[in-house]
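In: Pasting the sequence and the predicted model now:
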Amino acid sequence: MENPVIKNLKERRSIYSIGKDVSHSQDELTALIQDAIKYSPSSFNSQSSRALILFGENHHKLWDTVKAELSKIVSAEAMEATTAKIDNCFRSGFGTVLFFEDSDVVTKLEKEFPLYADNFRIWSEQSGGMAQLSVWTALATEKVGATLQHYNPVIDEAVASEWNIPASWILRAQMPFGSIEQEAQEKAFMDDSQRFIVCK
């Protein structure tokens with residue numbers, strides 16, 4: 001059975017060699033990212049996912065900030081390799097999406113629906129994950145490569161200060177994206193029998 005959703009999911013890969021040679025404008029990619037998040041599901045239609053979309057010098061500033069914050073806690077020897085990775089795999093791209101979850105939305109739901117209060121933070125993380133996958137897959141279908149990175153909480157305060165992020169926005173992931181300069185290697189999969197139980 002051919003399915004366009006599965007086809008698109010297969011195209012979504014971690015692309016570490018990215019560049020700036022994309023055929024889409026900043027406005028086109030912004031609209032794509034916004035729609036991908038907007039139409040992603042969330043519990044109770046809470047719409048708790050937030051995003052900071054960076055291009056140009058703001059994109060560069062983010063990855064320079066990551067290096068600066070890491071240099072405070074990483075040895076000089078290790079920092080050399082870290083800097084090379086950041087420059088060649090992330091900063092080299094066309095832009096970055098930073099994904100957040102709004103804790104004010106979660107707190108409000110906990111108060112409004114106390115029966116489910118213990119679950120709302122879990123559901124918020126699930127909503128965030130779906131938003132991330134939606135953006136990643138949407139970019140992939142446009143032949144734009146991306147990876148998902150997690151330099152939070154090391155960079156949280158610096159990012160919040162630099163881009164005036166609301167205090168309730170909790171940083172969850174960073175997604176640098178750009179032109180695909182080198183395709184991902186073939187992906188290996190474990191046997192289906194280890195992952196799925198089917199009852200007929």
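Out: Yes, it's here. All values reported here derive from a predicted model rather than from experimental measurement. Residues are numbered from 1 along each chain as shown.

In: Next up, the contacts around the closest residue to Ala173 other than its chain neighbours.
Out: Once flanking residues are discounted, Ala173 sits nearest to Phe99: 4.5 Å by C-beta to C-beta, 6 or more residues apart in numbering. (Each C-beta comes from the backbone N, C-alpha and C, glycine too.) Counting by C-beta atoms under 8 Å, 6 or more residues apart in numbering, Phe99 makes contact with Ser49, Arg50, Ala51, Gly128, Ala131, Gln132, Val135, Leu171, Arg172, Ala173, Gln174, Met175.

In: do the same with Arg121
Out: Contact partners of Arg121, counting by C-beta under 8 Å, 6+ apart, are Val106.

In: sorry, back to before: distance of the residue nearest to Ala173 relative to Asn8?
Out: Spatial separation of Phe99 from Asn8 under the definition C-beta to C-beta, to the nearest Å is 19 Å.

In: List the buried residues of stretch 46-58.
Out: Along stretch 46-58, these residues count as buried under the neighbour rule (16 or more other C-beta atoms under 10 Å): Ser46, Gln47, Ser48, Ser49, Arg50, Ala51, Leu52, Ile53, Leu54, Phe55.

In: Please render these as TSV that adds distance to Ile122, secondary structure and pLDDT to the earlier fields.
Out: Listed next are those as TSV, based on distance: C-beta to C-beta, whole Å; DSSP: H, G, I helix; E, B strand; the rest coil; pLDDT from 0 to 100:
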residue	distance to Ile122	secondary structure	pLDDT
Ser46	12	coil	97
Gln47	17	coil	98
Ser48	12	coil	98
Ser49	15	strand	98
Arg50	18	strand	98
Ala51	21	strand	98
Leu52	24	strand	98
Ile53	26	strand	99
Leu54	29	strand	98
Phe55	33	strand	98
